[in-house]
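Asker: When you get a sec, could you give me coordinates for this:
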Amino acid sequence: MKKLCFLFFLFIGLRSSAQMPKILSLQEQGAVRDQWLKERMATVTPELMRRAGTDMWILISREYNEDPVLKTMLPSNWLSARRTTMLVIYDAGDTLETLACARYDVGEVFKKAWDKEKQPDQWKRLAEIVAERRPEKIAVNRSEHFGLADGLSSYHYDKLMESLPVKYRERVASAEPLAIGWLETRTESEMAVYQQVCRIAHEIIAEGLSEQVIQPGVTATDDVVWYYRERIRELGLDAWFHPTVDVQRLDPENFDHLRTFSKRPDKQVIQPGDLVHVDFGITYLGLNTDTQENAYILRPGETEAPPHLRAAFRKGLRLMDILTGEFQTGRSGNDILAAALEKAKADGLRPSVYTHPIGYHGHGAGPTIGLWDQQEGVPHRGDYPLYANTAYSIELNTAVFLPEWNKEIRIMMEEDAFFDGREVRYIDGRQTELFLVPRPKAGMGDVGDGVER
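Answerer: Numbers count the residues shown, from 1 in each chain. Now for the predicted structure:
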């Protein structure tokens, strides 16, 4: 019992010494998110509506069946839509009206525009709001290929079309470019905070890939997974997917994409000499992270990873550089993918790229740059163009044959990055060398912290 207590307090002491960034209280988070919403509505929305040639955008949701776009427009103290929530955004050219066809304001942005005593029927009042403003094009969230832009339910679409005067029914069109643009665009205020969001994720990953959590020969991969889940909850954050931890080692088992994505063993004891990989993401302040990093478990007497693993890791970094070098405004995800794969193969690499937008959602709105099983390009979602002020999870892997292991391994990497229209920068840097477990003591080796910031 005394030994267990000693180990527990040692663990707590080690963890408390980590440099975990400040995490805001729920009240502070709410104030930040509400301010962001006001700023975004005033600056992002008018530009998007003019880019799409749309002067009215209607969003409709029922409680617990929220349109993913409308959900990002709710005030922080609304955890869901209420009854039938109707929002109307109208660009009059010189001003932007943001209205709620509701009996009360929806936060500070959307102002009440329905008096039930004067017009008992909510749908008829919505039709009146439309007729009073005489829009040329009415956008609603329907999309064949982008799920995040397809939030209007079938019933609500039918009811809207039934309620509108005939001449306005003909002006209803898909809001796909508006919905994607709203979700993918990151503002200066958001990016000032996004680095801290990513730093928190990096610090949690580093904790899990250390002797604070891993005792080689005892700790299993699933133990690390559940450490991450508990640590996320302890910090008051959310996980948007269940983390994964896996190992590659000197054994006959080869890498397989299906195994990596869906059939990974639940529990493998982590041993000295293992290459450990984690896939991890959190949600904080309405923004998401998606990160894959790697560690090497030192054998007795080692102070650094073997040269063949360090060389393999550098090949992964090279692939990341090739990919981000192909980012250009207006270029489609499929064009970026094809150019990056061609250059990587010419450079002697064996690449696989499956990079995606990130922001309000982990797998966010915007151009898809490859899927693990669609390296020839992704129809429709891969055809969407790259815009400035958007964020991406630079996700990929590089196949490397190791003669020392007589097998092929994959260096799997993922780091969150921001594209400003000219260049890509990693939001909180990226891992540039393998984490080592245990961390060598000072004076025992020239080892960095594994992250370039």
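Asker: drop to CA atoms for contacts and neighbour counts, all remaining ones
Answerer: Fine.
Asker: Relative to the whole chain's centre, how far out is the longest helix along the chain?
Answerer: For the chain, the longest helix by residue count, based on DSSP state H, is helix 26-52. Distance of helix 26-52 from its chain centroid, counting by C-alpha atoms, centre = their mean, to the nearest Å, is 18 Å.
Asker: helices or strands next to it in the packing?
Answerer: Contacting helix 26-52 under the criterion 3 or more C-alpha pairs under 8 Å, 6 or more residues apart in numbering; DSSP states H and E are the following elements: helix 176-184.
Asker: For residue 397, give its distance to residue 372.
Answerer: Look at residue 397 and residue 372: by C-alpha to C-alpha, to the nearest Å, they are 9 Å apart.
Asker: Hmm, I typed the wrong one, I wanted residue 215.
Answerer: 33 Å.
Asker: Could you tell me which other helices and strands the helix or strand containing residue 158 packs against?
Answerer: According to DSSP states H and E, residue 158 maps onto helix 154-163. Contact partners of helix 154-163 among helices and strands, from 3+ C-alpha pairs under 8 Å, 6+ apart: helix 122-133.
Asker: and the helix it packs on with helix 154-163, angle?
Answerer: 50 degrees (axes from the mean of the first three to the mean of the last three C-alpha atoms, to 10 degrees).
Asker: start at 35 instead
Answerer: All set: I'll call the first residue 35, so the last point we hit is now helix 156-167.
Asker: Mind listing what's buried along helix 156-167?
Answerer: 156, 157, 159, 160, 161, 162, 163, 164 (16 or more other C-alpha atoms under 10 Å).
Asker: ok, now stretch 397-410?
Answerer: 397, 398, 399, 400, 401, 402, 403, 404, 405, 406, 409.
Asker: quick one: terminal-to-terminal distance for stretch 351-369?
Answerer: Note: stretch 351-369 ends 21 Å apart using C-alpha to C-alpha.
Asker: Check stretch 127-139 too.
Answerer: Stretch 127-139 has an end-to-end distance of 23 Å (C-alpha to C-alpha).
Asker: That stretch: how far from the chain's middle?
Answerer: Stretch 127-139 sits 30 Å away from the centroid of its parent chain (C-alpha atoms, centre = their mean).
Asker: if we look at it, which residues are touching it?
Answerer: Applying C-alpha atoms under 8 Å, 6 or more residues apart in numbering, the contact partners of stretch 127-139 are 76, 80, 119-125, 140, 143-150, 156, 159-160.
Asker: same deal with stretch 157-170?
Answerer: 88-90, 135, 148, 153, 193-194, 197-199, 202, 205.
Asker: gap between that stretch and the chain center?
Answerer: The mean C-alpha position of stretch 157-170 is separated from the chain mean by 36 Å, C-alpha atoms, centre = their mean.
Asker: How about stretch 222-233?
Answerer: The chain centre lies 13 Å from the centre of stretch 222-233; the measure is C-alpha atoms, centre = their mean.
Asker: Now do the buried residues in it.
Answerer: 224, 225, 228, 229, 230, 231, 232, 233.
Asker: that older thread, and the average pLDDT for the longest helix of the chain is what?
Answerer: Across helix 60-86, pLDDT averages out at 96.
Asker: list the buried ones in it?
Answerer: Of the residues in helix 60-86, those buried (16+ other C-alpha under 10 Å) are 63-64, 66-72, 74-76, 78-80, 82-83, 86.
Asker: Between the buried residues of stretch 222-233, which sits nearest residue 271?
Answerer: Of all those, residue 271 sits closest to residue 231, with 10.3 Å by C-alpha to C-alpha.
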